[in-house]
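*Asks:* Turn this into a structure:
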Amino acid sequence: MNHEQYHQRIDFVKSLLQLNALQSKSIDPIEYVMDCPFPYNNFIYHVTLESPISRPMTIKSSQSDKAQPGTVPFPAHSASLLIRLSNSDPRTGLNNNNRVENEVAFMVLVRQALAKTKYSHIIPDVYSWADTDSGQAFTMQQYMPGTIPAKTFEALSLEDKSIVLGQMADILALLQQFDIPKTVEMFGGLKFDEHGNVASGQMSLFKGEPSTTYKDFIRSIFKIKLQEADENPVIVGWEENGLRAKLDKFIGHQLDEILKDYEQVRRVLIHGDLTTNNILFDANTLQVTALLDFDFSYVATAAEEFFGFSFGNISGGKLPGPFETGANLSLRQAMLSGFRTPFLNADTSTIQWDVAKAWDKELVRAGAAKPATIPHFEDIADIYWLQDKISPFELDSPVMRRRKTAEQLRSIRNETEEMIVKFLDRFNTSSGGDFSN
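*Replies:* Presented below is the predicted three-dimensional model:
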């Protein structure tokens, strides 16, 4: 799948270098596995030049010889750079309309958010970029030093893990506390306006224009998830047993009650994939050297960073769902209470309680908003849980469907339907939309 256009991609990288009279000594793929069963979102290449450039230069693209918004000149004495090619294959599920522009614009704001802190140097500079309207979408950007701690995170001592987690908490707090510029007026993605200012635009995770209100933002995601369910040969729009009518009623009417206090909610920067996989560290000191991959980034509320992909490889990073039992239920209760609930007798075979508590402690120290302090977090988390169940990955992904028999797919579908019905019934029988009881 991913290797089909390998040589064409290498030729494209060479053409970018040739356009700028840069001679490469080597072009090396990064984090590339030829037989990966899932499509890569991006193909990344580390380019080493034959010799360092002698003076700063504006990197040209096929779109323009002029500097683009969000870019800086390629510095003098540089001997390497990173070229990142976006995969426009529909199987990635990403919106390619202004995907690269969204990423570059977000990097501009994150640099501002981290300015005048010890993290001011960790966002790569961008030298040139193009979106799919010119053909192959790409960015040419700074090659950052460091190693990926995700490969060794589990082997670290709790003390060293806390060093890593503490820096992630610092960065999260700075993103949450940043005052978004007035030119960004909506929930969703980013773009550059005609003056080069960062403005609201489409996001890469979902198709559609940005939303004026948080309610509209949440509804837009439901709309996309229902479209996915409609096109799914296993789910068939949840029409069977009348479930679709119940979902439509919930989204059309009952959702308003849950979101009634979100009219004036503060908008914040969401990285969208804030994990140890996207942070580089100095191998000796464990100090962060780079924050990477803003492909999923968007503007929403403080709650959104705790959904989706962020913190997924940290115990205590993701809130377990509303119908969990055992250790996962204990973890949910601990996260929502700020770890004030007793969990000492909980099962430790699946939950790393020391890591979960260390992460919570670092969030408190950094002054970051977290599940226990974000207003109405549980209700919002459960809404995202429902969105995920409407179009779950194991049924939505063609790769995952091919790995299952028809009977297995039907069983997964039935189990998912039961959970959705249970969720909607509990809402209907509760007085305030509290799904936790």
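*Asks:* Name the spans of the protein whose pLDDT lies under the cut-off.
*Replies:* 1-2, 64, 149-151, 343-349, 429-437 (pLDDT under 70).
*Asks:* Do you have the helices of it handy? List them.
*Replies:* Taking DSSP state H to define them, one finds helices in the chain at 6-19, 99-114, 158-177, 214-231, 243-249, 255-258, 326-337, 353-366, 377-390, 393-396, 398-402, 406-429.
*Asks:* Quick check: closest non-adjacent residue to residue 307.
*Replies:* Excluding its sequence neighbours, the residue lying closest to residue 307 (Cβ to Cβ, 6 or more residues apart in numbering) is residue 384, at 4.5 Å. C-beta here means a position set from N, CA and C on the backbone, and glycine is covered the same way.
*Asks:* same thing with residue 241?
*Replies:* Counting by Cβ to Cβ, 6+ apart, the residue nearest residue 241 is residue 417, at 7.0 Å.
*Asks:* Look up how far residue 153 lies from the closest residue to residue 355 other than its chain neighbours.
*Replies:* Spatial nearest neighbour of residue 355, chain neighbours left out: residue 315 (4.3 Å); criterion: Cβ to Cβ, 6+ apart. As defined by Cβ to Cβ, to the nearest Å, residue 315 lies at a distance of 11 Å from residue 153.
*Asks:* And for residue 100?
*Replies:* 29 Å.
*Asks:* Equivalent analysis for residue 352, please.
*Replies:* Distance from residue 352 to residue 153, by Cβ to Cβ: 11 Å.
*Asks:* those strands in the stretch 201-350 of the chain, which residues are they?
*Replies:* Taking DSSP state E, counting those that start in this stretch, the strands of the stretch 201-350 of the chain run over residues 268-270, 279-281, 288-291, 298-300.
*Asks:* among those, which is nearest residue 121?
*Replies:* strand 288-291 (8.0 Å; Cβ to Cβ).
*Asks:* neighbouring strands for that closest one, and are they parallel or not?
*Replies:* strand 279-281 (antiparallel) (DSSP bridges).
*Asks:* Contacts for the strand it pairs with next, please.
*Replies:* Outside strand 279-281, the residues that touch it by Cβ atoms under 8 Å, 6 or more residues apart in numbering are 144-149, 164, 167-168, 287-292.
*Asks:* hmm, back to that, just give me the neighbour total for the residue nearest to residue 307.
*Replies:* 18 (other Cβ atoms under 10 Å).
*Asks:* For it, give its distance to residue 11.
*Replies:* 41 Å.
*Asks:* Show which residue of this protein lies farthest from the average position.
*Replies:* residue 54 (37.4 Å; Cα atoms, centre = their mean).
*Asks:* separation between the residue nearest to residue 307 and residue 424?
*Replies:* Residue 384 sits 15 Å away from residue 424, going by Cβ to Cβ.
*Asks:* What of residue 25?
*Replies:* Counting by Cβ to Cβ - residue 25 and residue 424 are separated by 60 Å.
*Asks:* The two: who's more crowded?
*Replies:* Taking other Cβ under 10 Å, residue 25 and residue 424 do not tie; residue 424 has more neighbours (18 against 11).
*Asks:* from what I can see the more buried one touches residue 246, true?
*Replies:* Yes: Residue 424 is within contact range of residue 246, at 5.2 Å (criterion: Cβ atoms under 8 Å).
*Asks:* List the buried residues for stretch 88-105?
*Replies:* In terms of neighbour count (16 or more other Cβ atoms under 10 Å), stretch 88-105 has its buried residues at 89, 92-105.
*Asks:* now do stretch 392-405
*Replies:* Buried residues in stretch 392-405 (16+ other Cβ under 10 Å): 392, 394-397, 400-401.
*Asks:* Now for these: which two are most distant?
*Replies:* Farthest pair in these, by Cβ to Cβ: 392 and 401, 11.1 Å.
*Asks:* give me phi/psi at residue 313?
*Replies:* phi -100, psi 20 (degrees, to the nearest 10).
*Asks:* With distance to residue 121 added, can I get the helices of the chain in TSV?
*Replies:* Converted to TSV, those look like this (distance: least, Cβ to Cβ, whole Å):
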stretch	distance to residue 121
helix 6-19	25
helix 99-114	8
helix 158-177	13
helix 214-231	33
helix 243-249	47
helix 255-258	41
helix 326-337	32
helix 353-366	19
helix 377-390	32
helix 393-396	36
helix 398-402	38
helix 406-429	45
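*Asks:* Quick check, central residue of this structure?
*Replies:* Of the residues in the chain (compared using Cα atoms, centre = their mean), residue 272 is nearest the centre, at 2.3 Å.
*Asks:* Can you give me every residue that contacts it?
*Replies:* Contacts of residue 272 by Cβ under 8 Å, 6+ apart are 205, 294-298, 305, 308-310.
*Asks:* If we use 10 Å, what do you get?
*Replies:* 106, 203-205, 278, 293-298, 300, 304-305, 307-310 (Cβ atoms under 10 Å, 6 or more residues apart in numbering).
*Asks:* what domains does the record give for this protein?
*Replies:* Domains of the chain are assigned by automatic domain parsing as 6-145, 214-429.
*Asks:* Distance to residue 175 added to those, as TSV?
*Replies:* Formatted as TSV, the domains of the chain follow (distance: least, Cβ to Cβ, whole Å):
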stretch	distance to residue 175
domain 6-145	6
domain 214-429	4
